[in-house]
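A.B. asks: predicted model and sequence follow; I will ask about them next.
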Amino acid sequence: MRPRRAFVLEVSVQNTVKSAVSFKGTGLHNGKPVRLVVRPASADYGIWFRRTDLRGVDPLVPARWDAVVASKLCTQIANDDGVQVSTIEHLMAALAGLAINNALIEIDGPEVPILDGSAAPFVAAIMAKGIQPQSAPARAIRVLMPIEVQDGAALARLDPAEMLEIDFRIDFADASIGQQSRHLNMANGAFVRELCDSRTFCRQSDVDAMRALGLAQGGTLDNAVVFDGDKVLSPGGLRYADEPVRHKMLDALGDLSLAGAPLLARYTGIRAGHALTNRLLHKLFTTPGAFVFDDCDALAGGKLPGVGVHRGDFPLYA
């Protein structure tokens, strides 16, 4: 077995990408080609998208919980000029899972490319280019009290914890999905090892319904896992027996990253989706005394997602 090579990240400081990282692909829902570039940004900049295809409007859109707008089946953000970027959750999960705090993301269309339906292509390309530590302390959001939202049988909840944990449960009538649950401590590169290559999924009946609404125009069996009753229609089958719940955890990390800093909390999702997780963040930030910002010393920083990632954690470098 090849020895693990350290992929060095400073545990107490913020990080950005070492150099520009480019992607080309197709939007899952609009089916249009798009080019995206993740560029380095200064400390305390945060994550912002810039629409390079627009003129005469403010092209900058913050990747932040209070910029999320209503959308079907994805996470979409918009600024005060109505400029939008959609399907950001996989890229946001990759950035969070690699402890990238600051980046400017240039995109020449309204939807992030779906690539293979997971966060793995983003993770691989960013790791290949490298991560740059910055001379500013990393910050985390420490949750101080339970916060919960519900929508029928769906629930999303945050509880105080010393590091980010994700506990997710799903329940589908399709025999090929069924009931699945998984719990994961997100520290020490767990996202890269356990979740980043889990693909988005849907049922064949969902595909038909989405296309009737003009959605999923770029969806194929190469960028989504499609289930039909007891069958997996995608060539090659599943990457994991529980790939659906792993992907829901990937989505949750991406949506939680819109808090603007890593959470020190246990997130529980039961049949939860993008909208419910965003409602949870709204409740967190509007509940007096529910959280504090912590500067991370070496010990606390080592508990954050992405800190401690090794090249050997990702199959490309194994």
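C.D. replies: Right, received. Where do you want to start?

A.B. asks: just list the residues touching residue 289, thanks.
C.D. replies: 144-145 (C-beta atoms under 8 Å, 6 or more residues apart in numbering). C-beta coordinates here come from the backbone N, C-alpha and C atoms, glycine included.

A.B. asks: helices along the chain, start to end?
C.D. replies: Applying DSSP state H to the chain gives helices spanning 89-97, 120-129, 190, 204-212, 243-256, 274-286, 298-301.

A.B. asks: wait, which of these is closest to residue 197?
C.D. replies: Closest to residue 197 of the helices of the chain is helix 120-129 (C-beta to C-beta; 4.0 Å).

A.B. asks: give me the contacts around the closest one.
C.D. replies: Residues outside helix 120-129 that contact it (C-beta under 8 Å, 6+ apart) are 7, 17-23, 38, 90-91, 94-95, 97-98, 100, 115, 192, 196-197, 309, 311, 314, 316-317.

A.B. asks: list the buried residues for that helix?
C.D. replies: For helix 120-129, burial by neighbour count (16 or more other C-beta atoms under 10 Å) applies to 120-127, 129.

A.B. asks: any chance of these in a markdown table with pLDDT as columns?
C.D. replies: Shown next, in a markdown table, are the buried residues of helix 120-129 (pLDDT from 0 to 100):
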| residue | pLDDT |
| --- | --- |
| 120 | 96 |
| 121 | 97 |
| 122 | 97 |
| 123 | 96 |
| 124 | 95 |
| 125 | 96 |
| 126 | 96 |
| 127 | 94 |
| 129 | 94 |
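
A.B. asks: now those as JSON lines including distance to residue 166?
C.D. replies: Shown next, in JSON lines, are those (distance: C-beta to C-beta, whole Å):
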{"residue": "120", "distance to residue 166": "18"}
{"residue": "121", "distance to residue 166": "22"}
{"residue": "122", "distance to residue 166": "19"}
{"residue": "123", "distance to residue 166": "17"}
{"residue": "124", "distance to residue 166": "22"}
{"residue": "125", "distance to residue 166": "24"}
{"residue": "126", "distance to residue 166": "21"}
{"residue": "127", "distance to residue 166": "21"}
{"residue": "129", "distance to residue 166": "27"}
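
A.B. asks: which two in those are spaced the farthest apart?
C.D. replies: Across these, the longest distance by C-beta to C-beta is 15.2 Å; it joins 120 and 129.

A.B. asks: end-to-end on stretch 129-142?
C.D. replies: With C-alpha to C-alpha, to the nearest Å as the measure, the first residue of stretch 129-142 is 31 Å from its last.

A.B. asks: centre of the chain to that stretch, how far?
C.D. replies: 17 Å (C-alpha atoms, centre = their mean, to the nearest Å).

A.B. asks: and the contacts of helix 120-129, which are buried?
C.D. replies: 7, 17, 21, 23, 38, 90-91, 94-95, 97-98, 100, 115, 192, 196-197, 309, 311, 314, 317.

A.B. asks: in the stretch 151-300 of the chain, where is pLDDT below threshold?
C.D. replies: Across the stretch 151-300 of the chain, the ranges flagged by pLDDT under 70 are 216, 298-300.

A.B. asks: ok, now with 90
C.D. replies: Counting by pLDDT under 90, the stretch 151-300 of the chain shows low-confidence ranges at 173-176, 187-189, 202-224, 228-231, 233-236, 295-300.

A.B. asks: quick check: the residue nearest to residue 211 when sequence neighbours are not counted vs residue 223, distance?
C.D. replies: Distance criterion C-beta to C-beta, 6 or more residues apart in numbering; nearest residue to residue 211, sequence neighbours excluded, is residue 217 at 7.1 Å. In this view, residue 217 and residue 223 are 12 Å apart by C-beta to C-beta, to the nearest Å.

A.B. asks: okay, these two: which has more neighbours?
C.D. replies: residue 223 (19 against 14; other C-beta atoms under 10 Å).

A.B. asks: can you name the residues that contact the residue nearest to that one when sequence neighbours are not counted?
C.D. replies: Using C-beta to C-beta, 6+ apart and skipping residues adjacent in sequence, the residue nearest residue 223 is residue 117, 4.1 Å away. With contacts defined as C-beta under 8 Å, 6+ apart, residue 117 is in contact with 28, 90, 199-200, 222-225.

A.B. asks: no further queries at this time; thank you.
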